[in-house]
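*Asks:* Sequence and computational prediction follow.
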Amino acid sequence: MGIIKEYRIPMPVTVEEYRIAQIFMTARAQGMEAEQEDGAGVEVVESKPCNHEKLGKGWYTKKFYHIDRRFPGWLRMVAPKSGTTLIEESYNCYPSTHTTVTLPLFSKFKITVESRHIMDNGKTQNVHGLDAATLKRREVVMLDIAERTEAELKKKMYDNDTADPKTWKSKRTGRGPLLKNWQNSSTPIMTAYKLVTAEFDYWPLQGKVEEFMQNYENGLFLTSNRQMVCWMDDWHGLTSDDVRDYETALVERTNRITEIKEGKKQGRIEDVPQVDPADFRSSDKAPPPQASAPAGPPQVTNPNNSPPASRSLVL
């Protein structure tokens, strides 16, 4: 039947800001994961518009995570390296998203994450519309991005992760830092409600693996949402087009790093060019100066009256 937990993550942003921040954070974090020595190699194999049967129009992505280095020792004993590739399929139909993670080696391994994002401080009791039987099985977990768990203090998910909401201060918005009980006074505030179902229907490892899956998601939610807030000055003000262009450039960079790590291409990871979000912020770019009209007959610059070719921001 699996373990069901609903993680509630209050955030000092609006629902619309979270949409931009989530795309930005996911792209950057995947790059960090790929660069990490013991991190998972990440391949983005599909990224396209979609129309989900329940959630409506949105964006579909399919990713491969080569995670043998992330597996605990007891799980690596039963999972050969050739079988440690996770497949993630996600439908981002914001403000709702639906994500599934499977492991082909184990047909009964599945993580399902259903997310809802609303303007409150985490007090809505049944945002997912669960039936009575599922509500009895669901465990609610309130997460505070300003606090670090004992496990996080022992080992960070990413070596170069320095995000700390307790000392963070946004220059662009004036928000922060997040001090004790910040959820009761923060303006704006919204909550990401993430319903996670972890299934590993193999005895006798079922309970142990399902709890491991939930603990991993718990840590991932804390790390990613903490980064989202502390990176605010990098993503705040980006338009939808800006952040999608940034994402595309980072996907290309991440795929190149993964190919080097997996031995599919030659080269050094440190030589792969960085991607700077400032290069994609259209609001910070001044319009070109208007040239004065030249003397003499008017110049014909577009004789066929065709639209000018758009300039790609992709590196």
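*Replies:* Nice, I can see it.
*Asks:* Every contact and neighbour count from this point should use C-alpha atoms.
*Replies:* Fine.
*Asks:* Tell me where the stretch 51-200 of the chain has helices.
*Replies:* Using DSSP state H, counting those that start in this stretch, the helices of the stretch 51-200 of the chain run over 73-76, 132-137, 150-154.
*Asks:* got it, and the stretch 201-315 of the chain?
*Replies:* Applying DSSP H, counting those that start in this stretch to the stretch 201-315 of the chain gives helices spanning 206-230, 232-235, 240-261.
*Asks:* Let's test this: mean pLDDT of the last one, rounded?
*Replies:* This points to helix 240-261. Per-residue pLDDT over helix 240-261 has a mean of 91.
*Asks:* where are the low-confidence patches of the protein?
*Replies:* 38-41, 67-84, 149-160, 285-315 (pLDDT under 70).
*Asks:* burial measure for the closest residue to C93 other than its chain neighbours, as a count.
*Replies:* Sequence neighbours aside, G58 is the residue nearest to C93 in space, at 4.1 Å (criterion: CA to CA, 6 or more residues apart in numbering). Per other CA atoms under 10 Å, the neighbour tally for G58 reads 18.
*Asks:* give me the beta-bridge partners of G58?
*Replies:* In this structure, G58 bridges to C50 when assessed by DSSP bridges.
*Asks:* list the contacts for it?
*Replies:* Residues near G58 by CA atoms under 8 Å, 6 or more residues apart in numbering: P49, C50, N51, H52, Y91, N92, C93, Y94.
*Asks:* 7 Å - rerun?
*Replies:* Shown in contact with G58 (CA atoms under 7 Å, 6 or more residues apart in numbering): P49, C50, N51, Y91, N92, C93, Y94.
*Asks:* For T100, see how far away the closest residue to S96 other than its chain neighbours is.
*Replies:* Once flanking residues are discounted, S96 sits nearest to R116: 4.8 Å by CA to CA, 6+ apart. Distance, R116 to T100, using CA to CA, to the nearest Å: 15 Å.
*Asks:* Grab the nearest non-local neighbour of V209.
*Replies:* Using CA to CA, 6+ apart, the nearest residue to V209 is F200, at 6.6 Å.
*Asks:* The one you found contacts E210, doesn't it?
*Replies:* Yes. F200 lies in contact with E210 (CA atoms under 7 Å); the separation is 6.0 Å.
*Asks:* tell me, what's touching those two both at once?
*Replies:* What both F200 and E210 touch, as defined by CA under 7 Å, 6+ apart, is the set G2.
*Asks:* circling back: for the residue nearest to S96, grab the count of nearby residues.
*Replies:* 18.
*Asks:* who's it bridged to?
*Replies:* Bridge pairing for R116 - DSSP bridges - gives S96, Y193.
*Asks:* Return the residues in contact with it.
*Replies:* Contacts of R116 (CA under 7 Å, 6+ apart): P95, S96, T97, A192, Y193, K194.
*Asks:* who's in contact with the fourth one?
*Replies:* I take that to be A192. Here A192 is in contact with R8, I9, P10, S115, R116, H117, I118 (CA under 7 Å, 6+ apart).
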